[in-house]
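> need the 3D shape of this:
(2 chains)
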Amino acid sequence: MQRILNTETAKYLGKTVKVAGWVNTVRSHGKIIFIDLRDRSGLLQIIFTPDKENLYTLAQKIRPEWVIGVEGKVSKRPRGMVNPKIETGNIELHPENLEIFSQAKTLPFSIDTLGYEISEEKRLKYRYLDLRRERMRKNLKIRQKVLHFIRDFLTNQEFIEIDTPILTKSTPEGARDFLVPSRLQPGKFYALPQSPQQYKQMLQVAGIEKYFQIARALRDEDPRADRQAEHTQLDIEISFASQKEILDLVERLYVNLVKKLFPEKRVTKIPFPRMTYKKTMEKYGTDKPDLRRNKENLNELAFAFITDFPMFEWKEGEKKWGVMHHPFTLPQTEDIKKIKKEPDKILAFQYDFVLNGYEIGSGSLRTTNLEVLTAVFEVLGHKKQDIKKQFRHYFDAFRYGVPPHGGIAPGIDRFLAKVLNEPNIREVIPFPKTGDNRDLMMDVPSEVTEEQLKELHIKIVKRKNR
RNA sequence: GGACCCGUAGUGUAGCCCGGUUAACACGUCUCCCUGUCACGGAGAAGAUCGUGGGUUCAAAUCCCAUCGGGUCCGCCA
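Now for the predicted structure:
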C-alpha cells in the first residue's frame, strides 16, 4: 500500500490507509494510547486499544521521535473529542498494522518550542534535530517559496539563469578570499567567488543581456548577526540598462514578492524612496536609514534605494584609497585626470537597497571604458602592468564589443531574516556557521591527512611563541 | 586584532554581589496507576565532581587569575 500524508487522510474516511512519520507525542492512559504522528504535512492522532493485543503491546514501547509506519482505518472522532488546533482534528486512525522503522534516543533539547531559548551551540551541533522544529521548517519552506518566486518572476521577463564557477580566481581589493590549492598546478590556488561579478560581466560581452543567478558568495571575514562566510544573493546583470531600469525592476520584484508571499506585510512607501547618499547622510546620519513610520510594527517593510555613492573612500588604517563598491563601478565622469587627481570628489553610479535600516543589497553600473577602469585601479595603488595581468579577461573581452551594463545583488538571507522578524540570518540558513566560521555539526574546518597535504604541495608550519 | 555578555542535571533557569546544611525550580527521562487524551492526569525515582586548570581561605558554584567554549559589537566586510 502506498503511504499517504497525514493531512490527506481526511479524504479517506472509513477506508484503510498507510501513513508514516515521526512520533510527536505519546499519551498513554493505561488501556488507551494516543500517538500523534508527525510528517511533513502535519499531525495525525493514532489510537491503540487492548482489543488488538499485539499492536497494543508493541505500541506501549513507542517513544517520542521514533519513526513508524501505520496502516489503519480512518474514522471520525467521537462527538466532543475534536481537536480544533490541528488540521486532522476531527479524525483519527485505528491501526491494523504497525511498523517501527527506527527508534530514537531522547533528543538533546526540545523541538516543540520556538527554540530561541536553546543555546545556539547545541542547536547548530544538532542542526538536523533543530530543523525539525516548526519554526525552522516554516523558515526553510518560505525561503524556497521566495527563491521560486524570484526565479519565476525573472524567467518570465526573459532573464537567463546561469550558474558560474565556484573554483575561480583570487582578486585584489575587497574581502579576503577562501583559497583552494591546486593539485595539478603546484603552488597555484583557486579562490572561491566573493560574488559572480566578473563572470556576469563576461556574460554581458557574451550577449546574454539579462542574467541572473541565485548565487553563493563566499568571504573569509569575521561573521556578524547579519553576515556569514557564505551567503546567498540574487545576482542580476543587465545590458543596455539605465540605473532607473535596474531599480525599477528590483522594486517591481519585491513589491510583487511581498504581496504574494507576505500578504500580512505593509510596505511603507511605493514607489520605494530613492535618495542620494549625500542627502541621506545629511538627513539621517547613516547610509541605511530606517524609514518605517512605526518601528514597533512587526509587519511594516520600509524599502529604499540610496544612490550616487562616492566612488572612493580614504582608508585611514591602510593610508590609501579604497572603493566604496567595487573597482568595476562606473564613475560619474570619464575625465581620467580628475579621477586620478581628486578621487574624493568622484561620485559613482552605485546604489544600495535598504530595508528597515539594513542594507539588503547593492549594485552599480559598470565601467566599460578600459582607460577609466585602469585609472580607477591606479587610484587604488595598482601598477598598470599588474592590472592588465590580473584582469586580462576584462581587457581582452571588452575589446570585442561590450554593451553598457549594470546590475545589483540583493541578499536573500538578510531579506528573509527581516521579513520573518528573525534576530539573525542563521535562523533562515539551513546549515549556518558559528562566530568563528565553524560548522559544529560537521566539525568544519577540519584537519586533513599528510597524504592530502603532500599531494597539494602544502606544508603546515607551526607558529612559534603565540 | 580589540571590547563586552554568557557558561550550574538531558534542556532552560535560580543561587554568585554579601563564601558556610543535602545546590533549588520547571520541562524532559525512567517506574507504577489510569479507556478519550491532545502541553493528558496522579504517585514515585534517577540524574550536576556548578566549562576546565590554578590561586586565596578553616571552607569556593560564589572571590581572584588563566584558559576553553558560545554570542553581540568595533575593526574588517570590493
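
> run through who's touching the top helix by length along chain A.
Taking DSSP state H as the assignment, the helix of chain A that covers the most residues is helix A:134-156. With contact meaning C-beta atoms under 8 Å, 6 or more residues apart in numbering, helix A:134-156 is reached by A:40, A:112, A:114-115, A:130-131, A:161, A:210, A:212, A:214, A:234, A:236, A:253, A:256-257, A:260-261, A:412, A:415-416, A:420, A:422, A:427-428, A:430. Yep, even glycine has a C-beta here, placed from its N, CA and C like the rest.

> mind listing what's buried in it?
Residues A:135, A:136, A:139, A:142, A:143, A:146, A:150, A:153, A:154 are the ones in helix A:134-156 that count as buried (16 or more other C-beta atoms under 10 Å).

> so which residues on the stretch 201-350 of chain A come close to RNA strand B?
Applying C-beta under 7 Å from any atom of the strand, we find that the stretch 201-350 of chain A lies next to RNA strand B at A:219, A:221-227, A:315, A:317, A:322-327.

> most surrounded residue in those residues?
residue A:327 (24 neighbours; other C-beta atoms under 10 Å).

> what strand or helix carries that residue?
Per DSSP states H and E, residue A:327 falls between elements, in no helix or strand.

> so whichever residue of chain A sits closest to RNA strand B: helix, strand or coil?
RNA strand B sits closest to residue A:174 of chain A, with a gap of 2.1 Å, by C-beta to the nearest atom of the strand. Classification of residue A:174 by DSSP: H, G, I helix; E, B strand; the rest coil places it in coil.

> low-confidence ranges in the stretch 301-450 of chain A?
Applying pLDDT under 70 to the stretch 301-450 of chain A flags no residue at all.

> now the helices for it?
A:336-341, A:370-379, A:384-390, A:392-397, A:412-419, A:450-455 (DSSP state H, counting those that start in this stretch).

> how about residue A:89, nearest residue that isn't a chain neighbour?
Sequence neighbours aside, residue A:83 is the residue nearest to residue A:89 in space, at 3.8 Å (criterion: C-beta to C-beta, 6 or more residues apart in numbering).

> residue A:30 versus that neighbour, what's the distance?
Look at residue A:83 and residue A:30: by C-beta to C-beta, to the nearest Å, they are 21 Å apart.

> where does the residue of chain A most remote from its centre fall, phi/psi-wise?
The C-alpha centroid of chain A is most remote from residue A:51, which lies 51.7 Å away (C-alpha atoms, centre = their mean). Dihedral pair for residue A:51: phi -70, psi -20, per degrees, to the nearest 10.

> contact partners for it?
Residue A:51 neighbours (C-beta under 8 Å, 6+ apart): none.

> hmm, which two among the residues of the stretch 201-350 of chain A next to RNA strand B are most spread apart?
Put simply, by C-beta to C-beta the two of these set farthest apart are A:225 and A:327, 28.6 Å from each other.

> returning to that earlier point: out of the helices of the stretch 301-450 of chain A, which is the most enclosed?
Among those, helix A:412-419 has the highest mean neighbour count (mean count of other C-beta atoms under 10 Å), at a mean of 23.

> neighbouring contacts of that one?
Under the contact criterion C-beta under 8 Å, 6+ apart, helix A:412-419 has outside partners A:139, A:142-143, A:146-147, A:214, A:226, A:228, A:231-234, A:258, A:262, A:265, A:301, A:355-356, A:358-360, A:422-425, A:427-429.

> show me chain A divided up by domain.
What automatic domain parsing lists as the domains of chain A is A:6-102, A:127-308+A:349-368+A:403-428.

> what's the end-to-end length of the shortest one?
Same thing as domain A:6-102. Taking C-alpha to C-alpha, to the nearest Å, the first and last residues of domain A:6-102 lie 19 Å apart.

> comparing residue A:83 and residue A:30, which residue is more hemmed in?
For residue A:83 versus residue A:30, neighbours defined as other C-beta under 10 Å are more numerous around residue A:83 (14 against 7).

> any idea how far that one is from residue A:48?
17 Å.

> quick one on the thing from earlier: what sits against the residue nearest to residue A:89?
Contacts of residue A:83 (C-beta under 8 Å, 6+ apart): A:45, A:77, A:89, A:90.

> mind checking which of these are in helices?
Among the contacts of residue A:83, no member falls in helices (DSSP H).

> and these, which are buried?
Among the contacts of residue A:83, those classed as buried by 16+ other C-beta under 10 Å are A:45, A:89.

> also near RNA strand B: which of the contacts of residue A:83, exactly?
Contacts with RNA strand B within these, as defined by C-beta under 7 Å from any atom of the strand: A:45, A:77, A:89.

> sorry, back to before: so which of the contacts of helix A:134-156 sit within strands?
Among the contacts of helix A:134-156, the residues falling in strands (DSSP state E) are A:161, A:210, A:212, A:214, A:234, A:236.

> in these, find the pair that's most separated.
Farthest-apart pair in the ones in strands among the contacts of helix A:134-156 is A:210 and A:214; separation 15.1 Å (C-beta to C-beta).

> which helices and strands does the helix or strand residue A:92 falls within pack with?
Take DSSP H and E as the rule and residue A:92 turns out to sit in strand A:91-102. Contacts defined by 3 or more C-beta pairs under 8 Å, 6 or more residues apart in numbering; DSSP states H and E place strand A:91-102 against strand A:16-28, strand A:43-48, helix A:53-59, strand A:67-76.

> from the contact counts, what lies against the helix or strand following the first one?
With elements assigned by DSSP H and E, the helix or strand that comes after strand A:16-28 is strand A:33-38. When contacts are defined as 3+ C-beta pairs under 8 Å, 6+ apart, strand A:33-38 sits against strand A:16-28, strand A:43-48, helix A:53-59.

> most tightly surrounded among those?
It is strand A:43-48: most buried of these by mean count of other C-beta under 10 Å, with a mean of 22.

> give me the contact list for that one.
For strand A:43-48, the surrounding residues in contact (C-beta under 8 Å, 6+ apart) are A:6-7, A:9, A:19, A:21, A:24, A:32-37, A:55-56, A:59, A:70, A:72, A:77, A:83, A:86-88, A:91-95.

> can you check what angle separates it from strand A:91-102?
80 degrees (axes from the mean of the first three to the mean of the last three C-alpha atoms, to 10 degrees).

> C-alpha coordinates for strand A:43-48, CSV please?
Extracted C-alpha coordinates of strand A:43-48, given in CSV (Å, rounded to 0.1, in the frame of the first residue of the first chain):
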residue,chain,number,x,y,z
LEU,A,43,-0.1,15.8,12.8
LEU,A,44,-2.4,12.8,12.9
GLN,A,45,-3.8,11.1,16.1
ILE,A,46,-3.5,7.3,16.2
ILE,A,47,-5.3,5.2,18.8
PHE,A,48,-4.1,2.0,20.2
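
> mind checking the pLDDT average for it?
Per-residue pLDDT values across strand A:43-48 average out to 97.
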